[in-house]
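Chemist: Test case, fold it:
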Amino acid sequence: MPDTKINELVRMWIDGWVISRGGSDPIEEPWGWTIDVGLARHVARRVLPNPPQPTCARSWPRRAHRGHC
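Modeler: Numbering: from 1, shown residues only. I've put the predicted structure just below:
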């Protein structure tokens, strides 16, 4: 995760999201973070601060459209 300023901003958003939704602490990954949400229809949330579109499309094909990974 090379861009420190983006990562700091995204991490602040994650912290607020976790508090507002009662999620677990985020797990840092090489590409971003994973948050265990624990709901039947929303098991986990993956947060990618700067995803390359081809990687995004391969990883999450149903959601890989412009602006949403």
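Chemist: And the helices in this structure?
Modeler: 4-21, 53-59 (DSSP state H).
Chemist: and these, which one is worst for confidence?
Modeler: Least confident of the helices of the chain, judged by mean pLDDT, is helix 53-59 with a mean of 61.
Chemist: and residue 18, how far is that from residue 6?
Modeler: Counting by CB to CB, to the nearest Å, the gap from residue 18 to residue 6 is 18 Å. Every residue, glycine included, has its C-beta placed from N, CA and C.
Chemist: Determine the longest strand present in the chain.
Modeler: If you go by DSSP state E, the chain has its longest strand at strand 32-39.
Chemist: Can you point out the buried residues in that strand?
Modeler: By 16 or more other CB atoms under 10 Å, the buried positions in strand 32-39 come out as 32-33, 35, 37.
Chemist: Summarise which helices and strands it is packed against.
Modeler: Packing contacts for strand 32-39, counted by 3 or more CB pairs under 8 Å, 6 or more residues apart in numbering; DSSP states H and E, involve helix 4-21, strand 27-29, strand 42-47.
Chemist: Between strand 32-39 and the last one, find me the angle.
Modeler: Using axes from the mean of the first three to the mean of the last three CA atoms, to 10 degrees, the direction of strand 42-47 lies 160 degrees away from that of strand 32-39.
Chemist: strand partners of strand 42-47, parallel vs antiparallel please.
Modeler: Sheet pairing of strand 42-47 (DSSP bridges) gives strand 32-39 (antiparallel).
Chemist: Could you export the strand it pairs with as CSV, CA atoms only?
Modeler: Only the C-alpha atoms of strand 32-39 are listed here, as CSV (Å, rounded to 0.1, in the frame of the first residue of the first chain):
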residue,chain,number,x,y,z
GLY,A,32,-5.8,-3.1,2.0
TRP,A,33,-8.0,-4.3,4.8
THR,A,34,-10.6,-6.9,5.6
ILE,A,35,-13.4,-6.2,8.1
ASP,A,36,-15.3,-9.2,9.5
VAL,A,37,-18.9,-7.9,9.5
GLY,A,38,-20.4,-11.2,10.7
LEU,A,39,-23.9,-10.9,9.2
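Chemist: got the contact list for that strand?
Modeler: By CB atoms under 8 Å, 6 or more residues apart in numbering, the residues outside strand 32-39 that reach it are 1, 10-11, 14, 17-18, 21, 23-24, 26-27, 43-49, 51.
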